[in-house]
Every structure is written in structure tokens, then in C-alpha cells.
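Q: Sharing a sequence plus its predicted fold:
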Amino acid sequence: MMNNAFSRPATAAIHYELLHQTPLGPQHVTSSGTATLLIEEKLERQSQIALKVGDEVQTGQKLSPFTDRPTYAISSVTGTISSVRPMSGDFGTNYTAIDIALAATEVMAEGPGEMEPTLENLTEWLAGAPGKPPLHLFRSGDQAIHTLVVAGVDADLLVATNQFIIKSEMHAINRGIDILKAATGVSQVAIAVPRDLVQGFGHTGADELKAVASEYPAANPKLIIYEAFGQEIPAGKSCEELGFAFFSAEAVASIGKAFDTGRVPIEKTVTLVDKNGRKTIISARIGTPIADVLAAHQIQTGDGDRLIVGGPMTGSAIFDEQRPIQADTDAILVQGAADVSLVSDYPCINCGECVRVCPTRVQVNMLVRFLEAGQYEDGAELYDLDSCVDCGLCSFVCVARIPIFQYIRLAKYELSRLTAAEASNA
Ligand code: SF4
Ligand code: SF4
């Protein structure tokens with residue numbers, strides 16, 4: 001069963017909040033003593049690692065910890081490496097964490113300097129820059145990207161990071177667009193902005209502006225392609241398979257700044273939402289512990305409070321405040337215990353709300369029965385898991401408080417593992 005056409009949610013719409021005024025600037029948060037850089041590679045044994053505890057590093061220095069892999073991190077601080085350790089994340093993600101004790105005096109490393117705008121240079125220096133430019137999309141041999149979409153919208157509710165960047169860093173974005181055009185040869189560049197803010201944009205380096213509706217989840221990349229480009233994404237296909245590469249506004253601005261200054265940017269912009277729903281745009285160096293961000297804003301967490309990285313619909317709860325700000329940490333949301341929506345093990349009452357609200361018309365009430373039972377392949381085949389665009393609305397409306405979206409994420413993860421295992425056995 002395949003549902004290709006998207007539809008608007010049938011229940012009362014939830015709207016994104018717009019940044020009508022350009023805030024003066026992000027409030028800067030400094031680290032209190034350590035920074036932790038994460039590299040998305042599994043650390044199996046210390047003998048793989050070229051870095052040693054006690055090594056001194058400078059701000060902007062490229063750190064390539066693995067002797068047998070090209071992955072790297074750009075040090076956001078000056079200091080001494082205090083540990084290199086394995087760390088696990090959501091759904092089987094493995095990291096190598098490099099902890100750095102900050103020195104009293106900052107020393108700037110040379111950085112890339114003046115670069116030619118080539119994909120090799122971008123990949124060599126900017127893969128972990130703020131916004132995490134998905135440069136790999138231009139390197140895959142089995143897809144041809146014809147359109148670069150610069151997302152000046154944030155896909156989740158309450159998050160305003162890319163709205164902020166598009167309003168305050170247009171010069172860097174235009175420069176980044178020029179660099180990306182030269183480096184990738186992409187033929188078309190569009191900037192996606194909230195519909196209500198389209199009028200305020202003057203000249204941009206893009207070929208066109210695309211207006212994104214204010215109803216959640218209109219800023220989801222697949223829905224942008226459907227609504228703004230008039231193209232349906234067949235179930236199971238990704239945006240890049242249809243030739244669209246989405247870069248956040250921050251990722252493009254990072255590229256522009258790197259080519260303007262000869263240094264890799266290290267400051268990440270983040271939307272911080274406190275327990276009262278108060279929103280602040282902050283900036284902190286990549287690697288800054290989230291605990292330092294909370295402390296700088298006098299936010300304390302207690303029993304039952306929840307810390308979420310990302311927005312309320314699709315973000316992930318974390319349980320360690322020492323987790324660092326990463327290149328793609330767009331939001332930190334603190335929910336007070338009273339606002340945390342509890343899940344239950346009540347059975348589905350077949351109210352149909354999840355089906356009515358789903359933008360891709362997945363028969364969620366039937367799908368979730370299979371996923372609860374761990375029958376991922378059957379559920380995906382019979383009830384169209386591949387059409388799901390990960391908006392989380394089904395969980396949000398479920399009256400039985402079934403954690404539907406968590407089941408969906410787990411199912412997609414397990415199915416991707418099966419596919420990978422089959423491919424490696426073929
Ligand atoms: S998360 Fe739920 S509501 Fe959203 S697309 Fe997937 S199944 Fe539909
Ligand atoms: S919203 Fe929840 S209770 Fe209602 S049909 Fe969907 S899964 Fe069942």
C-alpha cells in the first residue's frame with residue numbers, strides 16, 4: 001500500500017512561531033572548563049587512536065584521531081586532551097568523544113586559509129561546521145543533485161535557529177551559495193522561508209524564494225518539495241534521490257564565513273526554550289556541555305523534568321547534561337515535570353485521530369499494532385511505513401498516549417539494520 005500524496009492534517013492546525021523581529025544577536029555562552037568533541041565513529045580500541053591524553057590542541061586545529069579513517073573534528077577550544085572515550089547515542093549511533101580541558105590562554109591554529117571552492121576542500125574542512133553541511137549528498141555516485149534548498153525554516157515547533165540565521169546572516173549565506181554553486185555545479189538554488197516573512201527579503205544569491213506555510217509540519221523537507229516544488233516524493237524515496245539537497249541556512253552561512261575568513265566557524269547557534277516556554281537564541285562553541293548553557297541561563301532541572309535536544313515533536317530526550325553542543329544541535333528544550341506528556345500501555349481505542357492528522361495518510365492505528373508486536377517488516381509492507389515523514393503528529397494526538405513515534409523510529413532503525421545486513425551478505 002503506497003500513499004504518495006500529502007495532505008494537510010485534519011485536526012486543528014498547530015502553527016510555527018515566527019521571528020517577526022530580527023533579534024539583536026545571540027546571547028553567548030562560554031564553557032566553564034571542558035569541551036567535548038564528538039566524532040561519529042565507533043571507538044573499539046585505544047590502539048586505533050592517534051591522539052593521546054596530554055596532547056595540546058589549539059582553537060581551529062583539525063583533529064584526526066583515527067589512524068585508519070579520514071574522519072575529523074575541528075577543535076573549538078585551546079587546551080589539553082583529558083580523555084578519548086567511546087560514547088553511544090540514539091538508535092545505535094556510536095561516537096568517539098574527545099574531552100579537552102581548557103587552557104587559560106587561547107591560541108588560534110592556522111586553519112584552512114584561502115581555499116579554492118572545490119568539493120574536496122569543503123569536505124576536507126567543513127563537514128562538521130555549525131549546521132553540519134551534508135556535503136556527502138554531492139558525492140554519492142547514484143544520485144544527481146539538481147536543486148540546493150537552503151532551509152531558512154526550522155522543521156520542528158519552537159525552534160527558531162535557522163529563521164534567526166536567515167534574518168541576520170544573509171551576507172554569509174549569499175557567499176556560501178556562491179561557493180556551493182562553484183564547488184558542486186548545482187544548477188538551481190532556492191531559499192525556503194516562512195510565508196509570512198517572504199516580503200521582507202531583498203536580493204539573495206538564490207535563484208528563487210520558496211514560501212513555506214505556517215502550519216506544522218509544512219517545514220518538513222519532503223512537504224516543502226511537495227508544496228513548493230509541486231513534486232511528490234514516492235514512498236521510501238529520499239529528497240536527494242529526487243535531486244534535492246537540503247542545507248540548513250546555518251550550514252550555508254558557515255561555508256560563506258569560512259571562505260571569507262580562512263577559518264572554520266566554531267560557534268553554534270541554538271534555540272534555548274526554558275520550562276516556561278521562554279525562547280532565547282544563544283550561541284556556544286561546538287563541544288560546550290549543555291550543563292553550561294543551562295547554568296548560564298539559571299535553568300535547573302529536577303526530578304521528572306525532561307531535557308530534549310531538538311524540538312518538542314521530533315527531538316530526543318537526553319539524560320546527561322554533560323552532553324555537548326554538536327554541529328547540528330539546533331535546539332535545547334527543557335520541559336518541567338508537569339508538562340512532560342506521559343506514555344501509557346493502554347490499548348488503542350481506534351479513535352482514528354492519528355490517521356486523520358497524518359500528513360501522508362498512513363494508517364497509523366493499524367501500523368502501530370504491528371510495531372508494538374515487533375513485526376516491523378509486515379507493518380512496513382502492509383501499512384506503508386515508508387510514507388512516514390517523521391513529523392510526530394500521530395504521537396502528539398494519541399488519546400491512549402501510545403508512544404507511536406518512538407515505535408516508528410525504532411522500526412525504521414531495525415529495518416535499516418536488516419537492509420544493511422542483507423546488503424553485506426549479498
Ligand atoms: S510521524 Fe506519524 S503522523 Fe507523522 S508522517 Fe509518520 S505516521 Fe504520519
Ligand atoms: S490516536 Fe492512538 S488510540 Fe487513536 S487510533 Fe491512533 S493509536 Fe489508536
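A: Right, received. Where do you want to start? Ligands and ions are numbered 1, 2, ... in the order given.

Q: what's the longest helix in the protein?
A: Using DSSP state H, we find that the single longest helix of the chain is helix 404-425.

Q: Show me what that one packs onto, helices and strands only.
A: If you count contacts as 3 or more CB pairs under 8 Å, 6 or more residues apart in numbering; DSSP states H and E, helix 404-425 packs onto helix 364-372, helix 376-383, helix 393-397. Quick note: C-beta positions are derived from backbone N, CA and C, even for glycine.

Q: anything in the first one near ligand 2?
A: So that's helix 364-372. Yes - under the criterion of CB under 6 Å from any ligand atom, ligand 2 is reached by helix 364-372 at Val364, Asn365, Val368.

Q: Quick check: residues of the protein near ligand 1?
A: Residues of the chain lying close to ligand 1 (CB under 6 Å from any ligand atom) are 357-360, 362, 364, 388-394, 405, 408.

Q: quick check, nearest of those to ligand 2?
A: Val364 (5.6 Å; CB to the nearest ligand atom).

Q: Check the burial of Gln27 by counting its neighbours.
A: Gln27: 15 surrounding residues under other CB atoms under 10 Å.

Q: what sits against the residue most central in space within the chain?
A: Centroid-nearest residue in the chain: Asp328, 4.6 Å away (criterion: CA atoms, centre = their mean). The contact partners of Asp328, taken as CB atoms under 8 Å, 6 or more residues apart in numbering, are Gly131, Lys132.

Q: how much space between it and Leu418?
A: Distance, Asp328 to Leu418, using CB to CB, to the nearest Å: 26 Å.

Q: likewise Glu232?
A: Applying CB to CB to Glu232 and Leu418 gives a distance of 27 Å.

Q: Does the closest residue to Val389 other than its chain neighbours lie in a helix or a strand, and which?
A: Spatial nearest neighbour of Val389, excluding adjacent residues (CB to CB, 6 or more residues apart in numbering): Lys222 at 4.7 Å. Secondary structure assignment for Lys222, by DSSP states H and E: helix 221-229.

Q: to the chain's geometric centre, what's the distance from that helix?
A: Here helix 221-229 is found 18 Å from its chain centre; the criterion is CA atoms, centre = their mean, to the nearest Å.

Q: cool, stretch 179-195 as well?
A: With CA atoms, centre = their mean, you get 19 Å for stretch 179-195.

Q: Can you check the pLDDT for the residue sitting furthest away from the middle of the chain?
A: Using CA atoms, centre = their mean, the residue of the chain lying farthest from its centre is Ile349. It sits 33.9 Å away. Per-residue confidence at Ile349 stands at 94 (pLDDT).

Q: That one reaches Cys398, doesn't it?
A: No - in this structure Ile349 lies outside contact range of Cys398 using CB atoms under 8 Å: 9.6 Å.

Q: in the chain, which segments are predicted with low confidence?
A: The chain contains residues with pLDDT under 70 at 1-12, 20-24, 140-142.

Q: Run the contact check for stretch 337-347 versus ligand 2.
A: No - when contact is scored as CB under 6 Å from any ligand atom, no part of stretch 337-347 falls within range of ligand 2; the minimum is 8.0 Å.

Q: Could you count how many residues lie near the residue lying closest to Gln406 once chain neighbours are set aside?
A: Residue nearest to Gln406 in three dimensions, not counting chain neighbours: Ser395, with 7.3 Å by CB to CB, 6+ apart. Neighbour count for Ser395, taken as other CB under 10 Å: 22.
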